[in-house]
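1. here is a sequence with its predicted model. Questions after.
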Amino acid sequence: MLEEARIIAVREIAMRAVEDMPDNELRVRAFEVILGRLLDAEVASSRGMSSAENLGPKAGKIPRTTASPSLRNRDPKSCSERIVSLRDDGFFKGPRTLGEIRSELQVRGWTYPVTSLSGPMQKLVQKRELRRMPGQDGSYTYVAP
């Protein structure tokens, strides 16, 4: 288990990461995600595991060197472009559900209802930008090709 001083230090890091965001639901969600990832990394290091072994595709910063030239010079505007930017950042290295995709988009400041993501996801699968796999509960998960 982590000692209290280390937990407080990790919490302060997460608070600094979101301090410039407006005080709203997005800030709270971003804080929760960042704190969760930092705590997972702390637990992994206390067990002698690397962050990559413990967190999989969430571990470490993945540079945006694989982004298409059109996305490198501007911010993505459409839902599909934003999902492709997640792919380019390595988010889809492991299977992701629509709920996880929605949460990651929210962390980046792009809010969509989960019901509005299935259409763009289907089009990206048809364009072979992503792959779709059946999940255990009848839903689908998405991965990078």
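-> Thanks, I have it. Residues are numbered from 1 along each chain as shown.
2. C-alpha only now, for contacts and for neighbours.
-> OK.
3. buried ones in the longest helix along the chain?
-> Secondary structure of the chain per DSSP state H: the longest helix is helix 25-46. Across helix 25-46, burial judged by 16 or more other Cα atoms under 10 Å covers 26-35, 37-44.
4. could you find the closest non-adjacent residue to I7?
-> Leaving aside its chain neighbours, I7 sits nearest to L39 (7.6 Å; criterion: Cα to Cα, 6 or more residues apart in numbering).
5. I meant L105, not that one.
-> T111 (6.5 Å).
6. and that neighbour, how many residues sit next to it?
-> Per other Cα atoms under 10 Å, the neighbour tally for T111 reads 14.
7. if we can go back for a sec, quick one: the residue nearest to I7 and E4, what's the gap?
-> For L39, the distance to E4 equals 12 Å [Cα to Cα, to the nearest Å].
8. need the pLDDT of P69.
-> Note on P69: pLDDT of 50.
9. what about M133, which helix or strand?
-> In the assignment (DSSP states H and E), M133 maps to strand 131-134.
10. can you give me the buried ones in that strand?
-> R131, R132.
11. could you look up the next helix or strand downstream of it?
-> Per DSSP H and E, the helix or strand that comes after strand 131-134 is strand 140-143.
12. buried residues in that following strand?
-> Y140, T141, Y142, V143.
13. reformat those residues as CSV; add distance to E104 and pLDDT.
-> Output for the buried residues of strand 140-143, formatted as CSV (distance: Cα to Cα, whole Å; pLDDT from 0 to 100):
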residue, distance to E104, pLDDT
Y140, 17, 91
T141, 15, 93
Y142, 14, 95
V143, 14, 95
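14. ok, so of those, who is nearest G99?
-> Of all the buried residues of strand 140-143, T141 has the smallest distance to G99: 9.9 Å, by Cα to Cα.
15. returning to what we had before: check which helices and strands the longest helix of the chain is in contact with.
-> helix 4-18, helix 51-55, helix 98-107 (3 or more Cα pairs under 8 Å, 6 or more residues apart in numbering; DSSP states H and E).
16. how does the protein divide into domains?
-> Domain assignment for the chain by automatic domain parsing gives 1-60, 62-145.
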